[in-house]
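S.K.: Here's my sequence, what's the structure:
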Amino acid sequence: MLDFAELPADGIRFEQLIRELCLRSGFEVHWTGVGPDGGRDLVLVEKAQGALATFERKWLVSCKHFAQSGKSVGLDDVKDITDACRAVGASGFLLACSTQPSSTVVRRLEEITARGDIVTRYWDGIEIERRTDNPSTFPLRSLFFPVSSKDQPWRIYNTESPSFWAANYKDYFLYLSSRTANTFPNLSEVEYIISRLEEVTLPPDEDWDIHTIRPRAVYYDNKHDTFTVFADYLFNHKRKHPPVWPDHIDSFLKDGEGLRSDGNTMWYLTSWDVRYVEAMQISDHFHLDHKEYYEPFMNNYRIGSPRDETIGSLSKFAVQRILHR
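M.R.: Numbers count the residues shown, from 1 in each chain. Down below sits the predicted model:
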């Protein structure tokens, strides 16, 4: 967990964190002047595409940083919400706090929303941490929380595009991509995808005959709410045939089905592009994540187009054809 007490008590770094979080989430962000409590409020402009036109809502964001004391945000800390929103022409109010709002503040926000003039929301410390758990906002963890973020299994690196990232997770290197910027789901979904790959049982191997499945990229299509997962099944090039065939791998992955299910409904329909790769493991150039497994397919990873057939439609004959062409 992130330790918000790493941020100085004056609240300036916390305000900067919220500003950066909102910017990387696709909002237009502006500072207001210094408020009566000595802090600065933010104004966000949220834009959404409707059926006929784009519409927007302006939000006033009030930042409260009490992590050092651990106290909740009380009514005295958020006075005159309605008047403050009217002063900047906002129809929404967001309370961002490093601890949590008190129950009386939550009720006050609900009452304001119920009146219909202003929509209210709040982000507590847990929600703020959750919102840093996607590729576009994840770098904020090491930037603002250099100590408590060290235990995170992820490292995210920006590329030339706001919808394409390079990442390290555990001992894997992979790319993450989304159809449009700022739409990739939480990294917990990628962790689950990788756990599915790790669950595929493979026959025991020897030091000279390693075979393994390595993730290469995960593409998210936010328009259709689907994933395309790219992975390589590496096996020794001296084998006459692969140790396992596609139907075995697909029995674990369920190509084309939902990544998630509640027993009645599936969501995140997922295509599993698993490529069979003969590897020369005794070569000095062999590496599980060698550049040859990435560079020829960078465009596929960016736009989610399959490299070949997905694992559910791949037959033994197709594997043999691919390996010997």
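S.K.: so what's residue 129 up against?
M.R.: 1-2 (C-beta atoms under 8 Å, 6 or more residues apart in numbering). C-betas here are computed from N, CA, C, even on glycine.
S.K.: Roughly how far does it sit from residue 112?
M.R.: Relative to residue 112, residue 129 is positioned 26 Å away (C-beta to C-beta, to the nearest Å).
S.K.: what does residue 59 give?
M.R.: 13 Å.
S.K.: Can you pull the residues that touch both of the two?
M.R.: In contact with both residue 59 and residue 112: residue 93, using C-beta under 8 Å, 6+ apart.
S.K.: Compare these two and say which is more crowded by neighbours.
M.R.: residue 59 (23 against 17; other C-beta atoms under 10 Å).
S.K.: so what pLDDT did the more buried one get?
M.R.: pLDDT recorded at residue 59 is 96.
S.K.: try residue 207
M.R.: Model confidence at residue 207 (pLDDT) stands at 52.
S.K.: Residue 82 against residue 120, yeah?
M.R.: No: Residue 82 lies out of contact with residue 120 (C-beta atoms under 8 Å); the separation is 9.9 Å.
S.K.: Do you know the pLDDT at residue 321?
M.R.: Residue 321 is given a pLDDT of 69.
S.K.: The strand ranked longest in the chain packs against which elements?
M.R.: In the chain, taking DSSP state E as the definition, the longest strand is strand 266-279. Here strand 266-279 touches strand 226-236, helix 246-253, strand 258-261, helix 316-324, going by 3 or more C-beta pairs under 8 Å, 6 or more residues apart in numbering; DSSP states H and E.
S.K.: Quick one: distance of whichever helix or strand comes after that strand to the chain centre.
M.R.: Where DSSP states H and E defines the elements, the next helix or strand beyond strand 266-279 is helix 298-303. Its chain's average C-alpha position is 18 Å from that of helix 298-303, according to C-alpha atoms, centre = their mean, to the nearest Å.
S.K.: pLDDT of helix 298-303, averaged?
M.R.: In this model, helix 298-303 carries a mean pLDDT of 96.
S.K.: about what we covered before: which one of residue 82 and residue 120 is surrounded by more residues?
M.R.: More crowded of residue 82 and residue 120, by other C-beta under 10 Å: residue 120, with 23 against 13.
S.K.: which regions of the stretch 201-325 of the chain lie under the pLDDT threshold?
M.R.: Filtered on pLDDT under 70, the stretch 201-325 of the chain yields the residue ranges 205-209, 281-285, 321-325.
S.K.: Recalculate using a threshold of 80.
M.R.: Regions of the stretch 201-325 of the chain meeting the criterion pLDDT under 80 cover residues 204-210, 237-241, 280-286, 315-325.
S.K.: how close does the nearest residue to residue 305 once chain neighbours are set aside sit to residue 307?
M.R.: What sits nearest to residue 305 in space, not counting adjacent residues and going by C-beta to C-beta, 6 or more residues apart in numbering, is residue 299, at 7.3 Å. From residue 299 over to residue 307 the distance is 10 Å, taken as C-beta to C-beta.
S.K.: Noted, bye for now.
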